[in-house]
Each structure stands twice: as structure tokens, then as C-alpha cells.
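>>> pasted the sequence and its predicted model underneath.
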Amino acid sequence: MAYQSGQKCMFVTGAASGLGREVARYFASKGWFIGIADIDESGMAETAKMLPDGQSSLHVLNVTDRGQWKSAVAEFTAITSGQMNVLFNNAGIGNGGPIEEMTDEDIDLMIAINFTGVISGTRACFEALKATPDSCILYTASAAGIYGVADLSVYSATKFAVRGLAESHDIEFKKHGIKSRSLMPGFIDTNIISDVAEGSNQTGKERLEEAGVLVSPVSIIGPAAWEAVHGKKVHTPVNKMAKQLAFAARWMPGRLRNQQAQLADIGEVLAPTEQN
């Protein structure tokens, strides 16, 4: 089976693992054709194996490279007759630690992937989205974009920025028939927290759960993405933790600030640089 005329289609960045892989799998299970994009070719191949035969295409993409964006989108739209119902603008990395201890290179790379690369994706896909009725850009923000997180300040700031893109573009692109949405997950059980933390025999997930922090299964992200794309809310907090943060940030910011200070010591579990 290959792409069928009129079939819904989605272009997913960071699709070789984690949230991107799970959203690709979920939408494919609903009959969508998926463009799997990532820098990890073996991971992309693994994702494709999880989807029905012929229901995906593979696109090598470093989101910091505008030329690669142009090429990957051209490849995808050549298959889909110029259509793109959803851009899942998801690729990102997480890197923690006190900002004074981070290297310039780490900071620049995180901004390049998590923010500039996201903007480049929206720009590269704009014409295809505009040409597709009732299209949608789905951004991956984070619960760290609801309230700042100690020792994750650069990561948190990029997710605040992505949250701003979603809000701005939902207004700006309305005249073009393009919706803009964001997912704001709390801690999800993906490779970003699965590694053993430095100086410990525990994984990041184990350390978070020991501290009483909820870690949700990755399976919750697919239905959340579906709800975000088809719903009316700009932001979709994903899991109980994110929903509580969103509520507290609005109604109890002082209490939330104190809670975040208590959690500062476990921010380091995200120190390894991984894809979303």
C-alpha cells in the first residue's frame, strides 16, 4: 500500500524515537500517511516497521539545516500531491545543569534545535499547510514551558518560546486556514529519562518516581496529540503533572514557585542530551 489520494497525512520530526515515534504510530493506526523525519536513520527505520506497510516515507532531516528542511518537505509533498494535514514540529533535545556550568556549544545547540529549528520547520511547511484545508501545526512544548525549571533554564526558555509560537501562529495563520496547537507534557517515559544518571545506579525515571514525581507511559501522547489536532484548545497539558502545573501557574503562582524550588535538586536527571 502507498499514499492514496485524499488520505490524511502528517510530517513528524524527531520521529525516530520517543514522542515523535509514538504519535506517528498512533496516527498511522487511524489510517494516516506519515512522513518520518529525523537525523537517526536506523531509528526511523524502526519507527517505519511499527506502521502499516506502505503507510510512511523516510526523510533524513537535521532541523538546524534549512536546506535539509526544504529538501525533506519537497520529498514528502511530492508523494502527497502537495498536501500536509499536520506538521508535528516535535524534534528537540533536553540538556540540564546550572547555566554557568553549561558550555556555549550546548546552549547554542539547544536553541538551534528546540527553537530556531522549529521556526524553520514552520516556514518550510507553510505553503503545503496553506494548500491543505483545515491543516494544523502541532508543536511540542513542555510542562517546562508553563513555569520555569531550575537547572533546566535554557531548555525551559526554549519551550516557553515554542508555546509563544503556538499562540501567535494560531492567530496569525487563521486567515490561511491553519490551526496552531501545542502539547505540554510532563515527564513521559521516553529515552530522555531512561538512561542511568551520572553518579547513580538509577535511571532518571527511577529517581523521579523516588522523589514522588509522576512519570507517565509514552502511550498517553498519541491520544493527546489527536485531541490537540482535532480540538479547539491551543495548549494541551499532557498528564496529571502538567495539568496541575497549568492550574497552579494561573491560580497559585506563589505556591508553585515554592514547589519548584523543592524539586530543583532532581532537575539534573535530564542532563543527558537526547531527542524528544
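All right, it came through fine.

>>> can you give me the helices for the stretch 101-250 of the chain?
104-111, 117-130, 153-172, 191-194, 204-210, 221-230, 240-251 (DSSP state H, counting those that start in this stretch).

>>> ranking those by mean pLDDT, which is last?
Looking at those, the lowest mean pLDDT belongs to helix 204-210 (a mean of 49).

>>> from the chain's centroid, how far away is the single longest strand found in the chain?
The longest strand of the chain (DSSP state E) is strand 178-185. Relative to its chain's centre, strand 178-185 lies at 10 Å (C-alpha atoms, centre = their mean, to the nearest Å).

>>> same deal with stretch 159-169?
With C-alpha atoms, centre = their mean, you get 12 Å for stretch 159-169.

>>> using CSV, write out every CA atom in it.
Provided in CSV are the C-alpha atoms of stretch 159-169 (Å, rounded to 0.1, in the frame of the first residue of the first chain):
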residue,chain,number,x,y,z
LYS,A,159,9.8,25.6,25.5
PHE,A,160,8.3,28.9,26.6
ALA,A,161,9.3,30.2,23.2
VAL,A,162,7.6,27.3,21.4
ARG,A,163,4.5,28.0,23.5
GLY,A,164,4.6,31.6,22.2
LEU,A,165,4.9,30.4,18.6
ALA,A,166,1.8,28.2,19.0
GLU,A,167,-0.3,31.1,20.4
SER,A,168,1.0,33.6,17.8
HIS,A,169,0.6,31.4,14.9
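
>>> quick one: residues in contact with that stretch.
114-115, 118-119, 122, 137, 139-142, 144-146, 148, 178, 180-182, 184, 234-235 (C-beta atoms under 8 Å, 6 or more residues apart in numbering). Yep, even glycine has a C-beta here, placed from its N, CA and C like the rest.

>>> what is the burial count for the residue nearest to residue 81 when sequence neighbours are not counted?
Spatial nearest neighbour of residue 81, excluding adjacent residues (C-beta to C-beta, 6 or more residues apart in numbering): residue 5 at 6.6 Å. If you count neighbours by other C-beta atoms under 10 Å, residue 5 ends up with 7.

>>> how about residue 130?
Residues near residue 130, counting by other C-beta under 10 Å: 15.

>>> isn't it up against residue 175?
No - counting by C-beta atoms under 8 Å, residue 130 stays clear of residue 175, with 9.9 Å between them.
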